[in-house]
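Participant: only the shape, not the letters, is given here:
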Ligand SMILES: Nc1ncnc2c1ncn2[C@@H]1O[C@H](COP(=O)(O)OP(=O)(O)OP(=O)(O)O)[C@@H](O)[C@H]1O
């Protein structure tokens, strides 16, 4: 249970049934005893994690510890690898995403993803943003115009590109391309945004812009970000999970992880002794 939930329950003295609902409402994702194998490689081991609503959750840990795998499990993208097997469950908004009748397409419209390297389509800036809405059947130009503007504003790049909407997205800087990719994710009005090292290919100024943007976006979205950058995790996240060899070693408020970690291995990692 997160602190917000505890506060709510103490303040309102809710009965037990409502308390359970509150827990469910505050958690966007509940991961329970998740195991994942690539063939014989046991890449995620008994992962239990509650991801809070309207929070930034950072996933940190050394190379190969399973950070990206965990992220890609949350939208079931990991299943594109044929050798993958999983056990356990991931509840998204109260439903197990591994259920046989769960719609992966629907999941991916609720859960957007931004990758390490900016990956705009080789199309105009406008068409990059309108792509998802068009796939969902929106054809009306006025509505598309509105979505494009709203998404670009949401990704804090409207002013920089508003006069260049018909130019190819490859013609702008890497930092701008990454914000176009964030705008593309916003255009489908997701609930959650997964970010896999979104600033690792960016210069410091673009990195700062994306970090500021993440802070703004959490007002409306729940964000899970994989990062190798300890300062970044400390700056922008509310909660931090430390992964090591496929296990969650520690998961707590970012303040606690960085100022008073409970586990020696967390302390060693964040202080740069390994990884
Ligand atoms: N497509 C794949 N096929 C087989 N094994 C994979 C695949 N992707 C990842 N793995 C393995 O799963 C484990 C976890 O990898 P993962 O990419 O999730 O780690 P990571 O913490 O994100 O690493 P990095 O920080 O280097 O990106 C590693 O042992 C890796 O070799």
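Facilitator: Thanks, I have the structure now. These figures come from a predicted structure and were not determined experimentally.

Participant: for the rest of this, base every contact and every neighbour count on C-alpha atoms.
Facilitator: Fine.

Participant: what about the helices in the chain?
Facilitator: Taking DSSP state H, the helices of the chain run over residues 3-12, 16-26, 67-74, 104-110, 125-135, 141-154, 158-161, 174-186, 204-217, 230-236, 254-259, 264-270.

Participant: just the mean pLDDT for the fourth one, thanks.
Facilitator: Averaged across helix 104-110, the pLDDT comes to 93.

Participant: same question, the third one
Facilitator: pLDDT averaged over helix 67-74 equals 97, rounded to a whole number.

Participant: which bits of the stretch 51-200 of the chain sit near the ligand?
Facilitator: Those residues of the stretch 51-200 of the chain that sit near the ligand, judged by C-alpha under 6 Å from any ligand atom, are 62-69, 81.

Participant: could you redo the last one with a cut-off of 5 Å?
Facilitator: Contact residues, the stretch 51-200 of the chain versus the ligand (C-alpha under 5 Å from any ligand atom): 63-69.

Participant: most neighbours among these, which one?
Facilitator: residue 67 (31 neighbours; other C-alpha atoms under 10 Å).

Participant: for that residue, what are its contacts?
Facilitator: 59-61, 226, 243, 246 (C-alpha atoms under 8 Å, 6 or more residues apart in numbering).

Participant: again, 7 Å this time
Facilitator: By C-alpha atoms under 7 Å, 6 or more residues apart in numbering, residue 67 lies in contact with 59-60, 226, 243.

Participant: most widely separated two among these?
Facilitator: 226 and 243 (10.6 Å; C-alpha to C-alpha).

Participant: need the overlap of contacts for these two.
Facilitator: Shared contacts of residue 226 and residue 243 (C-alpha under 7 Å, 6+ apart): 60, 67.

Participant: okay, now the nearest residue to residue 110 once chain neighbours are set aside: neighbour count?
Facilitator: Counting by C-alpha to C-alpha, 6 or more residues apart in numbering, the nearest residue to residue 110 once its immediate chain neighbours are dropped is residue 190, at 4.4 Å. Other residues lying near residue 190 total 18 when counted by other C-alpha under 10 Å.

Participant: kindly report the same for the one 5 residues further on.
Facilitator: By other C-alpha under 10 Å, the residues close to residue 195 number 24.

Participant: beta partners for it?
Facilitator: residue 114, residue 225 (DSSP bridges).

Participant: ok, it to the ligand distance?
Facilitator: Residue 195 sits 12 Å away from the ligand, going by C-alpha to the nearest ligand atom, to the nearest Å.

Participant: got it, and residue 131?
Facilitator: Distance from residue 131 to the ligand, counting by C-alpha to the nearest ligand atom: 27 Å.

Participant: from residue 217, how far out is the residue nearest to that residue when sequence neighbours are not counted?
Facilitator: Once flanking residues are discounted, residue 131 sits nearest to residue 184: 7.9 Å by C-alpha to C-alpha, 6+ apart. Distance, residue 184 to residue 217, by C-alpha to C-alpha, to the nearest Å: 14 Å.

Participant: between these two, tell me which one has more neighbours.
Facilitator: residue 184 (29 against 19).

Participant: got the phi and psi for residue 94?
Facilitator: Here is the backbone geometry of residue 94 (degrees, to the nearest 10): phi 90, psi 0.
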